[in-house]
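S.K.: Pasted the sequence and its predicted model underneath.
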Amino acid sequence: MLNRSLSLLLFGLIALLSLATPTHAGPDFWAMWNNRNRCAQKDARVLAAINAFCNTNFYTGGPYASGGVAVAGVRVGVGATCRWGTFVPQVWCESQMLEVCAMGGGRGRGKRSYDGGCQHFWITNA
């Protein structure tokens with residue numbers, strides 16, 4: 001009986017601790033979904049450019065990131081000023097690019113800084 005009670009207590013503690021996971025461990029997928037919808041309403045071509053650019057992991061400061069990718073008259077890319085060589089995984093690229101588009105101008109173009117101002121995600125006309 002004692003073993004069962006300890007097992008239930010341990011299980012309860014594990015369940016409780018699972019609720020205390022860090023909220024910043026990954027991107028907010030609900031915000032990404034909302035930003036994707038806002039971006040699609042502005043200019044669906046931006047989504048195509050984001051998908052083409054963020055289909056791979058990359059490092060800031062390299063030719064891929066700074067040159068960006070152009071699709072259907074839209075160019076997206078990432079500049080770096082103070083910390084070159086920062087790893088940017090696909091999901092973070094997509095999350096931040098969708099935010100740039102959603103918060104950008106009427107056609108989804110704009111620029112936002114991340115990582116303490118060291119990374120500059122941008123969307124422009126090609």
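M.R.: Ah, there it is.
S.K.: in this structure, which spans are helices?
M.R.: 2-18, 29-42, 44-53, 63-67, 90-103 (DSSP state H).
S.K.: Could you export those helices as CSV, including distance to residue 77?
M.R.: Quick note: C-beta positions are derived from backbone N, CA and C, even for glycine. What follows is the helices of the chain, written out as CSV (distance: least, CB to CB, whole Å):
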stretch, distance to residue 77
helix 2-18, 38
helix 29-42, 16
helix 44-53, 7
helix 63-67, 6
helix 90-103, 10
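S.K.: Of all the ones you listed, which one is nearest residue 73?
M.R.: The closest of the helices of the chain to residue 73 is helix 44-53. By CB to CB, the value is 6.3 Å.
S.K.: got the CA positions of the closest one in PDB?
M.R.: The C-alpha trace of helix 44-53 is given here as PDB (Å, rounded to 0.1, in the frame of the first residue of the first chain):
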ATOM      1  CA  ALA A  44       0.500  35.600 -50.400                       C
ATOM      2  CA  ARG A  45       3.800  35.900 -52.400                       C
ATOM      3  CA  VAL A  46       5.600  36.800 -49.100                       C
ATOM      4  CA  LEU A  47       4.600  33.400 -47.700                       C
ATOM      5  CA  ALA A  48       6.100  31.700 -50.700                       C
ATOM      6  CA  ALA A  49       9.400  33.700 -50.200                       C
ATOM      7  CA  ILE A  50       9.400  32.900 -46.500                       C
ATOM      8  CA  ASN A  51       8.900  29.200 -47.200                       C
ATOM      9  CA  ALA A  52      11.700  29.100 -49.800                       C
ATOM     10  CA  PHE A  53      14.100  31.000 -47.500                       C
END
